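> I'll drop the sequence and a predicted model, then ask my questions.
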Amino acid sequence: MDTEMLIGAGFETGTEAEEDILNPKTGETILHLPEAGSDQIDRAVGAAEKAFASWSRTTPAQRSNYLLRIADRIEAEADTFSALEALNCGKPVNAVKNDEIPAIVDCYRFFAGAVRCIPGNAAGEYLPGHTSMIRRDPIGIVASIAPWNYPL
């Protein structure tokens, strides 16, 4: 199984100790996942900062298209994702395929539509014939640990 990390435009294997990923049902090791080293994390953040300049200029249609492509790919690879998630979570493969896969695909498709709806609050008219709006635009990258386990 490919476990490399995307850093910039390339894939790399983690340089730190491997973490054993266990099947909770059997206790067997599914795979050994090398963790990222500090240098790799720094380079990933640097690559994200560099990419932000061009990404922030993409149109809503372009962003929507990327999200739809991810949804389509997950749907096309549903059997593979279902088998891996079943091993990783100890749940029946059919529960993953019939519950989680449709839910995650729906999330991507929902946000693909939402990204095309540019939000803004009317802030009043300061010049005759012109409406001012408050826009909230991204200003940079974020690193976070997201305690997310459903769907997928």
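Sure, I can see it.
> From here on, just use CA atoms for contacts and neighbour counts.
OK.
> Double-check Ile30 against Ile21; I have them as touching.
Yes. Between Ile30 and Ile21 there is a contact under C-alpha atoms under 8 Å: 5.6 Å.
> lowest-confidence helix or strand of the chain?
The helix or strand of the chain with the poorest confidence is strand 121-127; it has a mean of 64 (mean pLDDT, DSSP states H and E).
> picking up where we left off before, got any residues that touch both of Ile30 and Ile21?
Asn88 (C-alpha atoms under 8 Å, 6 or more residues apart in numbering).
> Specify the beta-bridge partners of Met133.
Ala122 (DSSP bridges).
> Show me the domain layout of this protein.
1-57, 59-123 (automatic domain parsing).
> Quick one: mean pLDDT over the shortest one.
Same thing as domain 1-57. Across domain 1-57, pLDDT averages out at 93.
> So which residues of the chain form helices?
38-55, 60-76, 78-89, 93-95, 101-114 (DSSP state H).
> ok so, going back, can I get the domains of the chain in JSON lines including distance to Gly140 and mean neighbour count?
Listed next are the domains of the chain as JSON lines, based on distance: least, C-alpha to C-alpha, whole Å; neighbours: other C-alpha atoms under 10 Å:
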{"stretch": "domain 1-57", "distance to Gly140": "7", "mean neighbour count": "14"}
{"stretch": "domain 59-123", "distance to Gly140": "16", "mean neighbour count": "16"}
